[in-house]
Each structure stands twice: as structure tokens, then as C-alpha cells.
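Colleague: quick one: sequence plus predicted model below, questions after.
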Amino acid sequence: MLVIMNSNATEKDIQRVALFLESKGFEARISHGEARVVVHAIGIIEEADQRDFELLTGVCEVIRVSTSYKLAARVSQGKDTVVEVNGVKFGDKYTGLIAGPCAVESYNQLDETAQELSESNVKILRGGAFKPRTSPYAFQGLGEEGLKILRSVADNHNMAVTSEIMDISQLDMFMRYVDILQVGARNMQNFNLLKELGKIHRPVILKRGLSATYEEWLMSAEYIMAGGNNQVILCERGIRTYEKFTRNTLDLSAIPVIKKLSHLPIIIDPSHATGLRDKVEPMSRASIAAGCDGLIIEVHNNPDCAMCDGAQSLYPWQYDLLYKQIKQIAPIVGKEII
């Protein structure tokens with residue numbers, strides 16, 4: 001339930017509403033927007049009478065939220081959430097860019113890639129240190145040493161970093177090195193991990209599960225937000241279908257659907273969605289045209305020798321060309337790439 005306050009409501013009016021909600025068994029959260037203050041009533045109290053709240057001083061309107069993802073729902077706030085990291089913005093009219101190799105393999109590999117990406121105005125570097133691989137015999141990443149390399153290289157090139165966390169036990173380690181924590185598709189419903197990520201004050205990229213519905217995806221975001229962390233970026237990375245030609249099937253319709261259902265930014269991972277280098281570029285352009293809030297793309301200085309996912313990684317020169325193309329497309333749909 002949302003309690004919308006009048007524009008002239010005082011701070012005492014707002015606090016009185018919050019206390020009243022708590023007396024009825026709700027958790028009250030206050031959101032100060034540009035034009036209004038909203039008090040979120042978190043909880044499921046079926047017997048609550050909406051009229052009790054409408055009569056409180058300073059209340060303009062009370063809205064019952066029918067969806068289970070109450071904090072992530074678009075109706076819960078009047079504007080899009082914008083997440084900003086290192087001057088890069090995701091959400092509303094902004095489209096942010098993230099790029100880098102699938103995995104951190106060595107200092108030289110990452111540094112060379114980062115140098116080329118910085119020349120294409122990339123300000124957020126991606127790279128996996130812990131790799132959840134289908135085969136237990138495949139390269140699993142460099143672990144904490146990979147995070148140290150990622151942090152060092154990023155600092156040298158004035159970049160922020162994002163990397164995938166796999167387990168709660170890694171959280172303290174990631175907080176030392178990583179600016180944006182990434183939850184992979186296989187962990188989308190690792191609710192214990194999501195709860196812990198809700199307690200931190202750092203952005204989280206939440207990838208859609210292999211077979212997850214939109215509602216399941218948003219409910220996972222709700223777990224993070226219910227803990228107090230509203231800096232959630234949703235990431236569509238392709239879903240599993242019967243088609244075998246591409247690695248997954250990129251669901252571009254997720255962009256307008258999520259924008260209708262939620263205020264959270266949605267970015268696209270065309271690398272994992274297609275699994276093929278020559279498909280990454282056209283699907284990136286299509287994602288921008290559809291109004292996505294960002295792209296996270298795999299780029300490697302020498303993809304033919306990559307230890308994982310080389311076939312879906314762009315060469316730096318390909319990324320530079322793509323960057324110039326999407327810079328032209330974005331303004332057509334009212335988006336801005338900084």
C-alpha cells in the first residue's frame with residue numbers, strides 16, 4: 001500500500017502516518033520525491049481498512065498495490081530510478097555502458113583491454129574473478145587475485161568495476177574491490193544472497209534467470225529492495241528456449257515490459273544472450289533502439305585466445321565502432337549516452 005502525501009504536508013504529518021502504519025503491523029518507508037512524498041506500507045495485512053489512512057492529516061491518496069513486488073512496482077514512485085556509478089547513469093533518459101572481458105586472466109590481458117576501452121569512453125570495467133561454469137573442468141577464474149587485478153587496472157584507468165558474486169561468504173571480499181555487485185542468472189533466486197545484498201549500500205546488477213518470468217525476476221529484485229538497497233539494475237541476458245543456433249534467446253520485449261511494470265533500470269547483455277560475436281553488434285543496436293538503460297558487453301584484447309567465451313567477445317576495434325553507432329541511435333529514442 002502507498003500513502004501519497006499532499007504537497008503541503010509537514011514532516012510531522014509524514015511521521016504521524018509512518019507511526020500509524022507501524023501500529024497496524026506494516027513496515028513504513030518514506031520516499032522523498034521531487035513533487036511528492038510517498039510512505040510505503042510494506043507487509044501483507046489483509047484486514048487493514050484503507051479509509052483509516054485516507055483520513056489522516058496531510059494524506060492525498062492511498063493506493064493498494066496489487067503486485068507482490070511492491071517496492072519494485074512502477075506505481076510505487078513517480079519517476080524512474082537512476083543508478084549512477086563513476087559518472088555513468090542508468091535509467092530515465094540515460095543509457096550506461098559497461099564493457100570488459102568475460103574473465104580476468106592476467107594483469108596484462110586486462111590492462112591492455114581496459115586501455116583500449118578507455119579510449120572508447122568506457123568508465124565501468126567488467127571482468128569475472130569467480131566463474132560459474134557448466135563444466136567443473138572449465139576455467140573457474142582467478143578468485144581474489146582476479147579481483148585485485150580488476151581493482152588495480154580499473155584504478156589506473158579511472159574506471160569503476162563490476163564482477164559476479166556467487167556466494168554470501170564472498171561478500172566482504174567483494175566489498176573491498178567491487179563497485180557494482182553482479183548476480184548471475186543461476187543465482188537470481190538465491191534468496192539468502194539477495195537478502196544480504198539488500199543490506200549493503202552499493203549497486204547490484206540482477207541478471208534474469210534462464211527460465212524466469214518477469215514477475216519472478218521482479219520478485220528477486222524485491223528481496224534486495226526489501227532489505228533497504230534500492231540501487232538495483234535489472235539485466236536481460238537471454239532466456240532458454242528450444243533454439244540452438246544462438247546460446248540463448250534475447251528477449252528484447254523485456255525492455256518495454258519492464259518499463260511498464262517497474263521503475264528500475266533495465267540493461268541488456270547481448271554477449272551472453274547470443275553467444276556469437278557477429279550477433280552482438282546488431283542486437284546491441286536493437287537494444288538501444290528499444291530504449292534500454294544500458295549495455296554490458298564482453299570485449300577482449302585477443303578473443304581468439306580467451307580462456308572463456310572468446311566466441312562472444314568483441315575485439316576492441318569492433319566495440320569502438322559499435323560505440324559510435326549507438327551514440328547516434330540513442331538520441332532518436334530520447335536517450336543519452338554520457
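Modeller: Cool, got the structure.
Colleague: which residue is nearest the centroid of the chain?
Modeller: Ile233 (1.7 Å; C-alpha atoms, centre = their mean).
Colleague: run through the bridge partners of that residue.
Modeller: Ile205 (DSSP bridges).
Colleague: report the contact partners of it.
Modeller: 83, 90-91, 180, 203-206, 264-267, 293-294 (C-beta atoms under 8 Å, 6 or more residues apart in numbering). For every residue, glycine as well, the C-beta is placed using N, CA and C.
Colleague: what ranges does the protein have for its strands?
Modeller: Along the chain, counting by DSSP state E, strands occupy 2-5, 27-32, 37-42, 59-63, 83-85, 88-90, 96-100, 124-126, 160-165, 180-183, 204-207, 232-236, 266-268, 294-298.
Colleague: dump those strands to a markdown table, plus distance to Gly334 and mean pLDDT.
Modeller: Listed next are these as a markdown table, based on distance: least, C-beta to C-beta, whole Å; pLDDT from 0 to 100:
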| stretch | distance to Gly334 | mean pLDDT |
| --- | --- | --- |
| strand 2-5 | 27 | 84 |
| strand 27-32 | 25 | 82 |
| strand 37-42 | 26 | 84 |
| strand 59-63 | 27 | 84 |
| strand 83-85 | 19 | 98 |
| strand 88-90 | 14 | 98 |
| strand 96-100 | 15 | 98 |
| strand 124-126 | 22 | 98 |
| strand 160-165 | 25 | 97 |
| strand 180-183 | 25 | 98 |
| strand 204-207 | 23 | 98 |
| strand 232-236 | 19 | 98 |
| strand 266-268 | 15 | 98 |
| strand 294-298 | 15 | 98 |
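Colleague: dump these into JSON lines; add distance to Leu150 as well.
Modeller: Putting the strands of the chain into JSON lines (distance: least, C-beta to C-beta, whole Å) gives the following:
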{"stretch": "strand 2-5", "distance to Leu150": "40"}
{"stretch": "strand 27-32", "distance to Leu150": "34"}
{"stretch": "strand 37-42", "distance to Leu150": "36"}
{"stretch": "strand 59-63", "distance to Leu150": "43"}
{"stretch": "strand 83-85", "distance to Leu150": "15"}
{"stretch": "strand 88-90", "distance to Leu150": "17"}
{"stretch": "strand 96-100", "distance to Leu150": "8"}
{"stretch": "strand 124-126", "distance to Leu150": "7"}
{"stretch": "strand 160-165", "distance to Leu150": "5"}
{"stretch": "strand 180-183", "distance to Leu150": "12"}
{"stretch": "strand 204-207", "distance to Leu150": "15"}
{"stretch": "strand 232-236", "distance to Leu150": "19"}
{"stretch": "strand 266-268", "distance to Leu150": "19"}
{"stretch": "strand 294-298", "distance to Leu150": "14"}
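Colleague: tell me what the nearest residue in space to Arg126 that is not next to it in sequence is bridged to.
Modeller: Excluding its sequence neighbours, the residue lying closest to Arg126 (C-beta to C-beta, 6 or more residues apart in numbering) is Gly100, at 3.9 Å. Bridge pairing for Gly100 (DSSP bridges) gives the partners Glu298.
Colleague: Gly100 is in contact with Glu298, isn't it?
Modeller: Yes - taking C-beta atoms under 8 Å as the definition, Gly100 is a contact partner of Glu298 at 7.2 Å.
Colleague: if we can go back for a sec, Gly143: which of the strands of the chain is closest?
Modeller: strand 160-165 (11.1 Å; C-beta to C-beta).
Colleague: what comes into contact with that closest one?
Modeller: Here strand 160-165 makes contact (C-beta under 8 Å, 6+ apart) with 85-86, 88, 98, 123-132, 146-147, 150-151, 154, 171, 174, 177-184, 187, 193, 197, 205, 296.
Colleague: which among those residues end up buried?
Modeller: Buried positions within the contacts of strand 160-165, assessed by neighbour count (16 or more other C-beta atoms under 10 Å), are 85, 88, 98, 123-131, 146-147, 150-151, 154, 174, 177-184, 187, 193, 197, 205, 296.
Colleague: just the helices in this protein please.
Modeller: Secondary structure of the chain (DSSP state H): helices at 11-23, 50-54, 107-118, 144-156, 171-177, 191-197, 214-226, 254-261, 270-274, 277-289, 316-329.
Colleague: need the winner for burial among these.
Modeller: Most buried of these by mean neighbour count (mean count of other C-beta atoms under 10 Å) is helix 270-274; its value is a mean of 27.
Colleague: quick one, what contacts Ala73?
Modeller: 65, 67, 218, 261-263.
Colleague: check Ile338 too.
Modeller: So Ile338 contacts 87-89, 94, 96 (C-beta under 8 Å, 6+ apart).
Colleague: so which of those residues wins on neighbours?
Modeller: Gly96 (26 neighbours; other C-beta atoms under 10 Å).
Colleague: what's the end-to-end length of stretch 67-82?
Modeller: 22 Å (C-alpha to C-alpha, to the nearest Å).
Colleague: shared neighbours of Gly100 and Glu298, anything?
Modeller: The contact lists of Gly100 and Glu298 share Arg126, where a contact means C-beta under 8 Å, 6+ apart.
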